[in-house]
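Colleague: Coordinates for the following, if possible.
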Amino acid sequence: QVQLVESGGGLVQTGASLRLSCTASGRTFGSYAMGWFRQAPGKEREFVTTISWSGVTYADSVKGRFTISRDNAKNTMYLQMNSLKPEDTAVYYCAARRGSRSSPSQNDYDYWGQGTQVTVSS
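Modeller: Next up, the predicted model:
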């Protein structure tokens, strides 16, 4: 069992930056593919980015503005979000997938955090 805890959300203005963190329990964090997803009000949860040994992938909507990274020694994944826009407003979730292959499909992930709210004002 893996427990994930997100932090770092908040209320910012358009153009600002935020860094989200996702800290995982357990000793095998490095063996998991990790991802960030988000859910805006009234919308379905959507893929943001994923990271694994095979590399990183970004949704087109965040490419060039967001950067995913991980520190396996700290059991922590990060999401650096720059040039934030009002349409980035959502609850951001981190997720872990057993095995080393990343995926943009939320159905492929086995563990989820509780989410952290990001609100970008115009």
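Colleague: show me where the chain has helices.
Modeller: Remark: no helices are assigned in the chain by DSSP state H.
Colleague: So Ser122 versus Asn107, what's the distance?
Modeller: 33 Å (C-beta to C-beta, to the nearest Å). Yep, even glycine has a C-beta here, placed from its N, CA and C like the rest.
Colleague: quick one: which of those two has more around it?
Modeller: Ser122 (8 against 5; other C-beta atoms under 10 Å).
Colleague: doesn't Thr14 make contact with the more buried one?
Modeller: Yes: in this structure, Ser122 is within contact of Thr14 by C-beta atoms under 8 Å, at 5.5 Å.
Colleague: where do the contact lists of those two overlap?
Modeller: Here Ser122 and Thr14 have Pro86 as joint contacts, going by C-beta atoms under 8 Å, 6 or more residues apart in numbering.
Colleague: Dig out what the residue nearest in space to the middle of the chain forms beta bridges with.
Modeller: By C-alpha atoms, centre = their mean, the mean C-alpha position of the chain lies nearest to Trp36, the distance being 2.4 Å. Under DSSP bridges, the beta-bridge partners of Trp36 are Thr49, Cys94.
Colleague: Now do the contacts for it.
Modeller: Leu20, Cys22, Val48, Thr49, Thr50, Ile68, Met77, Leu79, Tyr92, Tyr93, Cys94, Ala95.
Colleague: which residue sits closest to Arg97 in space, ignoring its chain neighbours?
Modeller: Distances taken as C-beta to C-beta, 6 or more residues apart in numbering place Ala33 nearest to Arg97, at 4.3 Å, with adjacent residues excluded.
Colleague: for the contacts of Trp36, which one is nearest Gln114?
Modeller: Closest to Gln114 out of the contacts of Trp36 is Tyr93 (7.9 Å), distances taken as C-beta to C-beta.
Colleague: Kind regards, and thank you for your time.
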